[in-house]
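Student: Generate coordinates for the sequence data below:
(one chain, ligands or ions: 1)
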Amino acid sequence: MEPSNLHIFFIPFMAPGHMNPLIDMARLFAAQGVKCTIITTPLNASRYQSIINQETQSGLYIRTQTIQFPPSSQTQLPENCENVDLLPSRDLTPNFAKATTLLQAQTDDLVRAHLPDAVISDLNLPWTAEIARKYDIPRITFHGTCCFALSVTISVNHFMPHANITSDSEPFLVPGLPDPVYVTKAQLPIRSMKNMGLHEFFQQVREADKKTLSAVVNSFDGLEPDYIKHYEKLTGKKVWTIGPVSFVNKDFASKSIRGNKSAIDEHQCIAWLDSKKPKSVLYVCFGSLCYFPKSQLFEIGSGLEESGCPFIWVIKDVDNGLPDGFEERVEGRGLIIKGWAPQVMILSHESVGGFMTHCGWNSVMESVSLGIPMITWPLFAEQFYNERFVLDNVKTGVGIGVERGFEWGEEDLVGVLVSKEQVKDVVTRFMSDGDEAIKQIKNLASKLGEMARSAVQEGGSSYVNLGLLIEDLLSKKKEKLDRI
Ligand code: UDP
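Tutor: Numbering: from 1, shown residues only. Okay, the predicted model is just below:
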């Protein structure tokens, strides 16, 4: 049976950190001759349509099939609020979670009409597991993070090592892992969203995941071999590591339009980067959902200014303002992008020598894949676990020194977590050539980038795993046909 006989539905959760990698994955499958259908709502489809059109024009079978986002009357969300990054307030997160559950019936209709051979769907859409079961279709979960963070999460939930710890800042050992991993109570993801009333939603997510027998992960075998095995052993799931998936964005067009419309003219951005020395620019971006209080933005801006280093700073919370006269003072040395940045395009440029990141897993993988060392500044969710992975396991970054995260929705109450002096000191040391420890980190980052690149090339582990996954799905399809 030829791979083109296989038809897969991809159903992403509507947040950039979930959509970008799953759509990259769909494109990887399509490049292997698989028919791929992405199920999403109109606004989200429009963000990816030009990339999909480009793939279709090159002869691949990949298309989007839209389902309607529920109306405001049912969700109490503003009109067109179809992605987490469009929520005007964190308080609306539970409404958004509920809205995603209302997509079940339309998706069920599509699955019944097309009967795909597999469904690859986000962990946060637990009802997709129910649909897959109903029509006897294999479902594969997409988790959005790495096996290291998944394993730490399981250990924390199981052993509750924080239960008897009173201090927020005292590091404790997370037991049962391949390496000693230390975190503090203030860094646990359980704190974020704790008052959001999302308990039942996450309960459903966990239940659906338990019943799903395999997972696809944006990682590669050489990156976290012990944790891939560990996670498989703990959960009994088969893990397919097929990353870094962002490598599927090869040309200028797909790198620059990935995920959303850029807030800066891409050519202007490249011209700015071209004017800088190789590896001299620090790229500063905290993902798609960050929110800093005004006081913290001031400290970041002042620290970057005083560091004297060239930088690109992506600011999502533009309304919170910048230090007075900041943009004029840093003109030429600092490029400020207010809104969506073409991240993969920027990171791919030879002038970029470092990435200050919130450690969202996609940002970590994009950095790893391009051999770029990181300054880590986690904010919420599993990002502190990812930071541990970067600093202690692969050793391709330095920490900014943040001790705790922002609780989702309570950022303004927290104020400043990292001072301008910290920003200035870490950035200056990191971007200079003198320090032996930093040289070592940069060397390791560059070696890891080479490993990542080989993983996706023909014969590399991720390339082979993708082929094996396709074969596995084809044999499941054959078994099903034989049964009928
Ligand atoms: N991203 C981007 N431009 C931006 C912000 C984010 O291209 O201005 C992309 C980034 O490359 C990554 C994703 O959005 O693919 C963010 O995912 P990540 O896991 O890093 O963080 P999250 O946004 O989920 O916190």
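Student: Is the helix or strand of the chain with the lowest mean pLDDT in proximity to the ligand?
Tutor: Among the helical and strand segments of the chain, the one scoring lowest on mean pLDDT, DSSP states H and E is helix 411-414, with a mean of 84. No. Shown here: helix 411-414 not in contact with the ligand (CB under 6 Å from any ligand atom), separated by at least 13.8 Å. All C-beta spots, glycine's among them, are computed from the backbone N, C-alpha and C.
Student: I'd like to know how far the spatially most central residue of the chain sits from Ala215.
Tutor: Note on the chain: the residue nearest the mean C-alpha position is Asn362, at 3.2 Å, using CA atoms, centre = their mean. According to CB to CB, to the nearest Å, Asn362 and Ala215 sit 16 Å apart.
Student: Same check on Thr37?
Tutor: In terms of CB to CB, Thr37 sits 20 Å off from Ala215.
Student: got it, and Pro70?
Tutor: With CB to CB as the criterion, Pro70 and Ala215 are 28 Å apart.
Student: re the thing from before, pull the CA atoms of the least confident helix or strand of the chain into PDB?
Tutor: The C-alpha trace of helix 411-414 is given here as PDB (Å, rounded to 0.1, in the frame of the first residue of the first chain):
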ATOM      1  CA  GLU A 411       0.900  39.500  36.700                       C
ATOM      2  CA  ASP A 412       0.100  43.100  37.700                       C
ATOM      3  CA  LEU A 413       0.100  42.100  41.400                       C
ATOM      4  CA  VAL A 414       3.500  40.600  41.200                       C
END
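Student: Going by neighbour count, list what's buried in it.
Tutor: Neighbour-count burial for helix 411-414, counted by 16 or more other CB atoms under 10 Å, picks out Glu411.
Student: before we move on, what about stretch 333-345?
Tutor: 334-338, 340-345.
Student: can you name the two of these that are farthest apart?
Tutor: Gly334 and Val344 (20.8 Å; CB to CB).
Student: Verify the stated contact: His143 with Ala215.
Tutor: Yes. Between His143 and Ala215 there is a contact under CB atoms under 8 Å: 5.8 Å.
Student: Give the next helix or strand downstream of the least confident helix or strand of the chain.
Tutor: helix 420-431 (DSSP states H and E).
Student: just the strands in the stretch 201-350 of the chain please.
Tutor: 214-217, 238-241, 281-285, 311-315, 334-338 (DSSP state E, counting those that start in this stretch).
Student: Now Asn249: closest residue in space that isn't a chain neighbour?
Tutor: Spatial nearest neighbour of Asn249, excluding adjacent residues (CB to CB, 6 or more residues apart in numbering): Lys255 at 4.7 Å.
Student: What number of residues are in the vicinity of the one you found?
Tutor: Lys255 sits with 19 neighbouring residues when counted by other CB atoms under 10 Å.
Student: Ser432: which of the strands of the stretch 201-350 of the chain is closest?
Tutor: Using CB to CB, those put strand 281-285 closest to Ser432, at 11.3 Å.
Student: If I take the closest one and strand 334-338, what angle do their directions form?
Tutor: 20 degrees (axes from the mean of the first three to the mean of the last three CA atoms, to 10 degrees).
Student: Give me the helices and strands touching strand 281-285, please.
Tutor: Strand 281-285 sits against helix 294-307, strand 311-315, helix 343-347, strand 352-357, helix 420-431, with contacts defined as 3 or more CB pairs under 8 Å, 6 or more residues apart in numbering; DSSP states H and E.
Student: The ligand is nearest to which of those?
Tutor: helix 343-347 (3.4 Å; CB to the nearest ligand atom).
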